[in-house]
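Participant: just to be clear, the model below is a prediction. Sequence and coordinates:
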Amino acid sequence: MTYFIHEQVVLSRPPEGPLAAHLASFANFVGEQGYSVFSLRRHVRIAAGFSRWLGQSGIQVDSICSAHAVEYLRDRARYLRPGRGDTAVLQHLITFLRREGVIPQEKVEPTRLTAVEHCVQDYAQYLCEARGLATATIINYVPFVREFLKQQFGEEGATLSRLNASDVVRFVQGQVPRLHLKRAKLMTTALRSFLRYARYRGDVTRDLAAAVPVVANWSMTSIPRAIAAEEVRQLLGSIDRDQPTGRRDYAILLLLARLGLRSGEVAFLELDDIDWNAGQLHVRGKGGQRNEFPLPVEVGEAIVAYLHSGRPRSASRRVFLRTRAPNRGFQGACGVCSLVRHAIERAGIHAPTRGAHQFRHGLATEMLRQGASLGEIGELLGHRHPQTTKIYTKVDLEALRTLALPWPGGAR
């Protein structure tokens, strides 16, 4: 005899245990997440086995927790070979049951924070609430501050009033040799920020931020690594737009190449950010800055093609979704960078890098060669400081040669 749980899931025996009545709703939940039929059936079979084990173990529904899932899989492994992803399936089930209120939320004992960690968390909260800094910036600053405080106070109380200039200089001198130039500069920026915060709170009375040494740097020492216009055309032409994934990738690559968006800006783009009537795109940039971009016809058509014939059904408001279940947006910029890397490798293009930022450099370089001013380039790229855009003056080598003075001693 067979027992229908879902229109696509049939069990060979009646469901048992405290979760038997919830298997059908769990199957519907999994199906709505975009999982394949094979994966859906696997989810339900494992959930049914877990429910049966709970019943045999005398565990009531209001007592179920994540530890039971671990115990079940350990017991099950004695007679059935574990499958890859079994743990994730049961965690998915536990999450669903908690969301539906079938089982209680697990009480997590609060971790006792050290004095240093308390100080670090207060600083991070200040950056978020008082300064309004982006989450990514806070994540970059905090580890340096934590390391600085640990080195100064260890496990003792973090008495900031004991800090002096020599502590600051000693820390920077010890860190810089082990860091890349950009990381070293980020470290000193984070340290100055924290010391200004400590003075603002009244924990220190002297301007210790001024004691942070300056990391040696030469402005614009490198040429931006930009992908060439011909390579962009080759890459776009290599995308298979007959497939849903190809339609998504093509639209993303166009946003990078035609508008110079950052990978994170593309990843977090939402449906409400597109104003179809005005032909505009509203993008959340660095530091929460809102930028408006004109929506080129080519880009708009690519997005429409994806939305109509490529984007999975989902409650998510993100424009671009993952191709694998659950159907949701990218977790961050890394998803877009990974997409770019794989597309370049498949196309066999020898690009300057495998990252997404090269399209931004490529757009700026091409605009400069077409006669655009640095101000126009900076406005499109959302640069807040003119100095940021000046680096692109180095890429137009032919124009720079016309400005070079002849060598006084003649050609050599």
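Facilitator: Arrived safely, thanks for sending.
Participant: pLDDT weak spots in the stretch 1-150 of the chain?
Facilitator: 1-3, 108-111 (pLDDT under 70).
Participant: all the strands of it, in order from the start?
Facilitator: For the stretch 1-150 of the chain, the strands defined by DSSP state E, counting those that start in this stretch occupy 3-6, 9-11.
Participant: closest to the centroid, which residue in this protein?
Facilitator: Nearest to the geometric centre of the chain sits Gly332, at 1.8 Å (CA atoms, centre = their mean).
Participant: quick check: phi and psi at the residue lying closest to that residue once chain neighbours are set aside.
Facilitator: The shortest distance from Gly332 to any non-neighbouring residue, by CB to CB, 6 or more residues apart in numbering, is to Ala267 (6.1 Å). Quick note: C-beta positions are derived from backbone N, CA and C, even for glycine. The phi/psi pair for Ala267 (degrees, to the nearest 10) reads phi -60, psi -40.
Participant: now Ala267: how far from Gln331?
Facilitator: To Gln331, Ala267 is 8 Å away according to CB to CB, to the nearest Å.
Participant: the two: which has the busier surroundings?
Facilitator: Ala267 (23 against 9; other CB atoms under 10 Å).
Participant: hang on, that one packs against Ala333?
Facilitator: Yes. With contact defined as CB atoms under 8 Å, Ala267 reaches Ala333; the gap is 5.4 Å.
Participant: quick one: the strands of the stretch 1-150 of the chain as JSON lines, columns for distance to Gly58 and mean neighbour count too.
Facilitator: Listed next are those as JSON lines, based on distance: least, CB to CB, whole Å; neighbours: other CB atoms under 10 Å:
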{"stretch": "strand 3-6", "distance to Gly58": "23", "mean neighbour count": "16"}
{"stretch": "strand 9-11", "distance to Gly58": "22", "mean neighbour count": "17"}
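Participant: tell me the secondary structure of Arg206, please.
Facilitator: Three-state call for Arg206 (DSSP: H, G, I helix; E, B strand; the rest coil): coil.
Participant: what about it, distance to Ala47?
Facilitator: Using CB to CB, Arg206 is found at 62 Å from Ala47.
Participant: equivalent analysis for Ala343, please.
Facilitator: According to CB to CB, Ala343 stands 37 Å off from Ala47.
Participant: quick check: Gln151 touching Phe171?
Facilitator: Yes. Counting by CB under 8 Å, Gln151 does reach Phe171; the two are 6.0 Å apart.
Participant: of Ala343 and Ala47, who's got more company?
Facilitator: Neighbours were counted for Ala343 and for Ala47 using other CB under 10 Å; Ala47 has more, 26 against 20.
Participant: tell me where the stretch 101-250 of the chain has helices.
Facilitator: Listed in chain order, the helices of the stretch 101-250 of the chain (DSSP state H, counting those that start in this stretch) span 115-129, 135-153, 165-175, 181-201, 229-237, 244-259.
Participant: on that earlier part again, make JSON lines out of the strands of the stretch 1-150 of the chain and add distance to Phe293.
Facilitator: JSON lines is the format used below for the strands of the stretch 1-150 of the chain (distance: least, CB to CB, whole Å):
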{"stretch": "strand 3-6", "distance to Phe293": "44"}
{"stretch": "strand 9-11", "distance to Phe293": "45"}
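Participant: how many neighbours does the nearest residue in space to Pro18 that is not next to it in sequence have?
Facilitator: Leaving aside its chain neighbours, Pro18 sits nearest to Val61 (4.0 Å; criterion: CB to CB, 6+ apart). Using other CB under 10 Å, Val61 has 16 neighbouring residues.
Participant: repeat that for the one 5 residues further on.
Facilitator: Using other CB under 10 Å as the criterion, Ser66 is surrounded by 14 other residues.
Participant: any idea how far it is from Arg328?
Facilitator: Ser66 is 22 Å from Arg328, by CB to CB.
Participant: who's in contact with stretch 68-88?
Facilitator: The contact list for stretch 68-88, computed with CB atoms under 8 Å, 6 or more residues apart in numbering, reads Arg42, Ile46, Gly49, Phe50, Trp53, Leu54, Ile59, Leu90, Gln91, Leu93, Ile94.
Participant: now do the contacts for Glu292.
Facilitator: Gln280, Leu281, His282, Val283.
Participant: returning to what we had before: between Gln151 and Phe171, which one's more packed in?
Facilitator: A count of neighbours by other CB under 10 Å puts Phe171 above the other of Gln151 and Phe171, at 20 against 14.
Participant: per-residue pLDDT of the more buried one, please?
Facilitator: Per-residue pLDDT puts Phe171 at 94.
Participant: what segments of the stretch 301-412 of the chain are strands?
Facilitator: Under DSSP E, counting those that start in this stretch, the stretch 301-412 of the chain gives no strands.
Participant: isn't Glu100 right next to Ser25, touching?
Facilitator: Yes. Using CB under 8 Å, Glu100 is in contact with Ser25, at 7.1 Å.
Participant: the more surrounded of those two?
Facilitator: Here Glu100 and Ser25 are compared on neighbour count by other CB under 10 Å; more neighbours surround Ser25, at 15 against 12.
Participant: please report how far that one lies from Gln60.
Facilitator: With CB to CB as the criterion, Ser25 and Gln60 are 19 Å apart.
Participant: got a list of what Glu106 touches?
Facilitator: Taking CB under 8 Å, 6+ apart, we find Glu106 in contact with Cys65, Ser66, Arg98.
Participant: equivalent analysis for Ser66, please.
Facilitator: With CB under 8 Å, 6+ apart, Ser66 has these contacts: Gln91, Ile94, Glu106.
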